[in-house]
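> Need coordinates for the following:
(chains A and B)
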Amino acid sequence: EDKVVQSPLSLVVHEGDTVTLNCSYEVTNFRSLLWYKQEKKAPTFLFMLTSSGIEKKSGRLSSILDKKELFSILNITATQTGDSAIYLCAVESKDEGADGLTFGKGTHLIIQP
Amino acid sequence: NAGVTQTPKFQVLKTGQSMTLQCAQDMNHEYMSWYRQDPGMGLRLIHYSVGAGITDQGEVPNGYNVSRSTTEDFPLRLLSAAPSQTSVYFCASSHRGRRGYTFGSGTRLTVV
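As a prediction, this is how the structure comes out:
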């Protein structure tokens, strides 16, 4: 059974701080790892990672995957109050009949002014 | 606007009632899926479809039915609602293997 564990489950920091969110996974036939940001409604896509060691970057957010150690991190630098959200990590398997995403429980990030 | 459209946004049901949550996408995505999100549980896959006429069960399929008669639509049916089905339901679609999944805005369902 595929499994995704995110840590920490919640985090409170001050505006301007840098945060690192962790995601470890177990999946029988890895296809990709995805990060999503969820504010009040639907999750919105941040990154898809398929190759180990290649950093994906978008503004102040970046993410990297380690396929050997089976984890990924999401970094947010110079945090702003608008970064407050639940950050979800999910993995996708190549296995036939094992479709869909397996999600972690999420990290609830709160940025205080 | 292109995307995934879910209706209704909110619904209250009595135990034992049935209803259908609608999901439609206009991006010609072959893959569609339904998730439920409960506090402390993350999102869990209910059912999914890899194309018209093909559906399969996810992690938590009991109490739900789906069908996929067209590429665009993937309705989720609750056969006999139970309080344990109180949750937020998300529909998602994708071109498999490409840039992530697109989620609908969700349906908040309360079963009393």
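> Run a quick neighbour tally on A:E69.
Neighbourhood size, A:E69 [other CB atoms under 10 Å in any protein chain shown]: 9. For glycine as for every other residue, the C-beta is placed from the backbone atoms N, C-alpha and C.
> So it versus chain B, what's the distance?
Applying CB to the nearest CB, to the nearest Å, the value for A:E69 to chain B is 22 Å.
> ditto for A:L11
For A:L11, the distance to chain B - CB to the nearest CB - is 16 Å.
> Quick check: bridge partners of that residue?
A:L109 (DSSP bridges).
> tell me the contacts of the closest residue to B:Y64 other than its chain neighbours?
Using CB to CB, 6 or more residues apart in numbering or on different chains and skipping residues adjacent in sequence, the residue nearest B:Y64 is B:I46, 5.3 Å away. Counting by CB atoms under 8 Å, 6 or more residues apart in numbering or on different chains, B:I46 makes contact with B:S33, B:W34, B:Y35, B:R36, B:G58, B:E59, B:V60, B:P61, B:Y64, B:V66, B:L76, B:Y89.
> Can you spell out which helices and strands pack onto the helix or strand of chain A with the lowest mean pLDDT?
Between all helices and strands in chain A, the lowest mean by mean pLDDT, DSSP states H and E belongs to strand A:101-103, at a mean of 90. When contacts are defined as 3 or more CB pairs under 8 Å, 6 or more residues apart in numbering or on different chains; DSSP states H and E, strand A:101-103 packs onto strand A:3-7, strand A:85-93, strand B:31-38, strand B:42-51.
> of those strands, which approaches B:G3 most closely?
strand B:31-38 (12.8 Å; CB to CB).
> which residues of the chain score low on pLDDT?
As the question left the chain open, I've gone with chain A. For chain A, the stretches with pLDDT under 70 are A:95-99.
> wrong one, I was asking about chain B
Under the criterion pLDDT under 70, the flagged ranges of chain B are B:1, B:96-99.
> Spell out which parts of it neighbour chain A.
Residues of chain B lying close to chain A by CB under 8 Å from any CB of the partner chain are B:31, B:33, B:35, B:40-45, B:48, B:50, B:56, B:58-59, B:90, B:92, B:97, B:99-106.
> Surely A:D2 touches A:A90?
No. Using CB atoms under 8 Å as the test, A:D2 is too far from A:A90 to be in contact (9.7 Å).
> Counting neighbours, which bits of stretch A:14-24 end up buried?
Across stretch A:14-24, burial judged by 16 or more other CB atoms under 10 Å in any protein chain shown covers A:V19, A:L21, A:C23, A:S24.
> ok so the second one is a strand residue?
By that I understand A:L21. Yes. Counting by DSSP: H, G, I helix; E, B strand; the rest coil, A:L21 falls inside a strand.
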